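# With the sequence up front, the predicted model follows.
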Amino acid sequence: MSNALQRDLVRLVSRIEREDGPRATADPYRQRFHLMPPVGWMNDPNGLCRCGEWYHVFYQYGPFDPAGGVKMWGHYRSRDLLHWEQLPPMLYPDQPWDIHGVYSGSALVEDGTMYLYYTGNVKHAGNYDYITAGRGHNTVLAVSRDGVTAESNELLLENKDYPADLTCHVRDPKVWAQDGTYYMVLGARTKDNRGELLVYESADKRSWQHINTLTTPEKFGYMWECPDLFELDGQWFLVCSPQGVTRQGNKYQNVYSCGYFPLYGDFRGDYTLGEFRELDCGFDFYAPQSFVDGGRRLQFGWMGMPDADYANPTVANGWQHCLTVPCEIKRDGERMLRVPAHEISVLHGEHIPTERAQVFDMVCRTEAVGRLVIRGAAVVEWDGQQLSLTLVQGGAGRTVRYADVGAVKSLRVLADTSSLEIFINGGEQVMTTRYYPDPASCGVQMEGAQAEIWAMGALQIQ
């Protein structure tokens, strides 16, 4: 499937990657074991799946502007989560129903074919607020049989097809098959500014009927983005990124939050949502998406935060943002644990002493009170009630975040060139952040902890 606009976009993307790529690649803050955009902007992971022998990671990609710009679906694929092939974008904003951006969505894989559901963004010209009027958020299906190109693109739902009490903001379809039926959840914002999720069902992947709405008895934010609904060992969980939740102590410290509700009952009928728990208490984690890989569920998140009051100096070199490492999510009662996928350990190099630690994987056995100072830039402290992450250098506006975790029994720290992912107590809580220490700095100072530290190799990307 191709048209003149798509052919022009293909040429423009290839040109900008060729011309701006060397400058981005030379940036000393370029990551070693995280997926990044070749140039420009990256945000939400999209369409995560395994199709045959390939893992596919699509992502929101703005190649023309490291501060955002028009979005398409960038594309990486891998057979092992370690060796990646950068492919041309799969989906371009080249249809009347997505002309101002191919927004977030998901993949359904059947019989070797990928069904890619996404939100097509349209902004009409005029004096609109683009919340209650002026914006089209369309649910769209693209189909790919070769995993590289889309052979068709169909408009499925428009704003007029959604419930009448909603604003124009209805987006981010997550689709799966269950009990011989297809289900989809969409994030939504009501006209009275409540966040909720719409549940749809279909017999043929194309004709969809609204069958239920998931929300909380009391208002919890004005918009629920990037929904994910799945079962882990008999317990259903609803993951979303609610916008407009007010900070409460050390909860909801970021401009927008991201977490999950345990769901009881049936998402198709009577249900109850349990307590909302944040998936990450750091500065940079949003819009995660998961997929089934054999007997495990893997998740990537965006290592960024919309509308944050802090920055990333990589913009000066023509690129911004990255994804988290792939993590396995597991059930622990009514909680979810998030831990790095075992493939990450394949990147381990030699054991190194603390003074040589720069890009590393560190596993700590901790005492009741302790402190780590990482590359002179990040300070991690804990005291039996909470853990704090303070960026004393290179935070680019980031200051401090807290996690109320009680006793800290163990820590695992994945430190890349310009990011930290701190897994507390086997993934009970995680703190993720970008940071920008002096590129030559190295070393970890440690009190109240004993650690094994491995130098980390790099992902192989071609």
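Thanks, I have it. Numbers count the residues shown, from 1 in each chain.
# partners of the helix or strand where Asp361 lies in the sheet?
Under the criterion of DSSP states H and E, Asp361 resides in strand 360-374. Note on strand 360-374: by DSSP bridges, its sheet partners are strand 378-382 (antiparallel), strand 410-416 (antiparallel), strand 444-456 (antiparallel).
# Other residues contacting it?
344-345, 347-348, 352, 357, 378-384, 407-415, 420, 444-456 (CB atoms under 8 Å, 6 or more residues apart in numbering). For every residue, glycine as well, the C-beta is placed using N, CA and C.
# now swap in stretch 391-401 and tell me
For stretch 391-401, with CB under 8 Å, 6+ apart as the criterion, the contacting residues are 253, 281-283, 308-313, 376-379, 388-390, 431, 433-438.
# Repeat that for stretch 173-186.
Identification of contacts with stretch 173-186 by CB under 8 Å, 6+ apart yields 105-108, 110, 115, 117-119, 139, 162, 170-172, 197-205, 208, 214, 227-230, 267-268, 289.
# can you check stretch 141-156 too?
With CB under 8 Å, 6+ apart as the contact definition, stretch 141-156 has outside contacts at 1, 51-52, 54, 56, 75, 77, 87-88, 90-91, 95, 97, 112-118, 120, 138-140, 205-206, 208.
# Of all the residues in that stretch, which ones are buried?
For stretch 141-156, a neighbour-count test (16 or more other CB atoms under 10 Å) marks 141-142, 144, 147, 150, 153, 156 as buried.
# Among those residues, give me the pair with the biggest separation.
Spatial extent of those (CB to CB) is set by the pair Gly147 and Leu156 at 21.5 Å.
# so which of the strands paired with strand 360-374 comes closest to Val70?
Within those, the stretch nearest Val70 is strand 410-416; the backing value is 28.2 Å (CB to CB).
# Now do the helix or strand following that closest one against strand 360-374, angle only.
Where DSSP H and E defines the elements, the next helix or strand beyond strand 410-416 is strand 419-424. Regarding strand 419-424 and strand 360-374, their directions subtend 90 degrees when assessed with axes from the mean of the first three to the mean of the last three CA atoms, to 10 degrees.
# quick one: strand 419-424 to chain centroid distance?
Centre-to-centre, strand 419-424 and its host chain are 15 Å apart (CA atoms, centre = their mean, to the nearest Å).
# can you check stretch 335-346 too?
Offset of stretch 335-346 from its chain centre (CA atoms, centre = their mean): 15 Å.
# quick one, what contacts Asn254?
Counting by CB under 8 Å, 6+ apart, Asn254 has contacts 283, 305, 308.
# I'd guessed the second one sits against Asp280; true?
When you say that, I think you mean Met305. No - under the criterion of CB atoms under 8 Å, Met305 lies out of contact with Asp280, with a separation of 10.2 Å.
# coming back round to it: only the buried subset of the contacts of stretch 141-156, as a ChimeraX command please.
To isolate in ChimeraX the members of the contacts of stretch 141-156 that are buried, counting by 16+ other CB under 10 Å, one can use:
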select :51,56,75,77,90,91,95,97,114,115,116,117,118,120,138,139,140,205,208
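# and the gap between Glu19 and His210?
46 Å (CB to CB, to the nearest Å).
# And those two? Which one has more around it.
For Glu19 versus His210, the count of surrounding residues by other CB atoms under 10 Å is larger for His210: 15 against 11.
# Ramachandran coordinates for that one?
The phi/psi pair for His210 (degrees, to the nearest 10) reads phi -80, psi 120.
# Test my guess that it contacts Leu166.
No - taking CB under 8 Å as the contact criterion, His210 and Leu166 are not neighbours in contact, 10.6 Å apart.
# about what we covered before: counting neighbours, which bits of the strand holding Asp361 end up buried?
Here strand 360-374 shows 360-362, 364, 366, 370, 372-374 as buried, counting by 16+ other CB under 10 Å.
# average pLDDT for it?
What strand 360-374 shows for mean pLDDT is 97.
# just how off-centre is that strand within its chain?
The offset between the C-alpha centroid of strand 360-374 and the centroid of the whole chain comes to 26 Å, using CA atoms, centre = their mean.
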